[in-house]
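Trainee: With the input below, show me the fold.
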Amino acid sequence: VLCWNIRGINSDRKWRAIRSKIIESECDIICLQETKREFFDAAYIKKFCPAHFDCFEFLPSVGASGGSIIIWNGSRFLGQPIFQNDFIHCVEFMSLMSGATWTIGNVYAPCTTDGRQNFLNWFHHFDMDDEMDWLLVGHNLIRKPSDRNKPGGNLQNMLDFNAAINNLALEELPLLGNKFTWTNNQNNPLLERLDWFFASISWINNYPGSIVQTLSRETSDHFPDARHDRRQHGACQLGLRS
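Mentor: Residues are numbered from 1 along each chain as shown. From the prediction side, this is the model:
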């Protein structure tokens, strides 16, 4: 799974960057946030995805704000959308190789103060069956002060974010590579860890070797990341947005 906050997807430069990360990660599922695009069709997907990525579900942007998409290889997975709102859209997958089923939630928390608080209120009460294999990717929040390279951050948001994670009994997948996944691109940059892979207990029990690996950054202020399962899929990667 490749997950990336792409910060807009309406240029040749972004299309080339996404295609490059798809090839680098060898992924079968792509989760993008902040597409800033209201509509996708198969012709547009071909601008940045290899031909075998032939299935997708998207959450439209509101004007030039937000928007997300999940794209997958239809020869590997059957995908069925099961839920979406302003903050998340979820697709349930079934592997055509093993028959295993699991759900990905592509999550994006708004940057505004009110929008972030609305997200945290919703996230705390998200109805997620803890007996299912869930993977939640994205997010756009920090968990603790050390997720920044400089002092600051909203402590109440951190407390609320962690309270929601605990309430949902989610486990954070370990991150390899860069400690931070976002930069403000200044000469003396602010760096933050904004991008997360959280998994349900059921996922952890079934895929205990799952890890996340950051990829090199280009065209966005976020780093892309990749998820691996060492136990079952040595060559399989789950890529995060960044």
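
Trainee: so how many other residues sit close to the closest residue to residue 183 other than its chain neighbours?
Mentor: Distances taken as Cβ to Cβ, 6 or more residues apart in numbering put residue 189 closest to residue 183, at 4.8 Å, once the chain neighbours are dropped. All C-beta atoms are positioned from the backbone trio N, CA, C, and that covers glycine. Residue 189: 14 surrounding residues under other Cβ atoms under 10 Å.

Trainee: for the one 10 residues further on, same thing?
Mentor: When counting by other Cβ under 10 Å, one arrives at 22 neighbours for residue 199.

Trainee: How about residue 93?
Mentor: 22.

Trainee: Tell me where the model's unsure across the protein.
Mentor: Within the chain, the stretches with pLDDT under 70 are 217-242.

Trainee: how about 50 then?
Mentor: For the chain, applying pLDDT under 50 flags the ranges 228, 230-242.

Trainee: At which residues are the helices of it located?
Mentor: 12-25, 42-45, 113-124, 155-167, 201-206 (DSSP state H).

Trainee: mind putting the ones you listed in a markdown table, distance to residue 61 and mean neighbour count included?
Mentor: Formatted as a markdown table, the helices of the chain follow (distance: least, Cβ to Cβ, whole Å; neighbours: other Cβ atoms under 10 Å):
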| stretch | distance to residue 61 | mean neighbour count |
| --- | --- | --- |
| helix 12-25 | 14 | 17 |
| helix 42-45 | 14 | 13 |
| helix 113-124 | 14 | 16 |
| helix 155-167 | 23 | 15 |
| helix 201-206 | 29 | 16 |
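
Trainee: In JSON lines: these, plus distance to residue 85.
Mentor: Conversion of these to JSON lines gives the following (distance: least, Cβ to Cβ, whole Å):
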{"stretch": "helix 12-25", "distance to residue 85": "25"}
{"stretch": "helix 42-45", "distance to residue 85": "23"}
{"stretch": "helix 113-124", "distance to residue 85": "7"}
{"stretch": "helix 155-167", "distance to residue 85": "15"}
{"stretch": "helix 201-206", "distance to residue 85": "22"}
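
Trainee: Of all those, which one is nearest residue 181?
Mentor: Nearest of the helices of the chain to residue 181, taken as Cβ to Cβ: helix 12-25 at 13.7 Å.

Trainee: isn't residue 103 right next to residue 94, touching?
Mentor: No. Taking contact to mean Cβ atoms under 8 Å, the distance of 10.4 Å between residue 103 and residue 94 leaves them out of contact.
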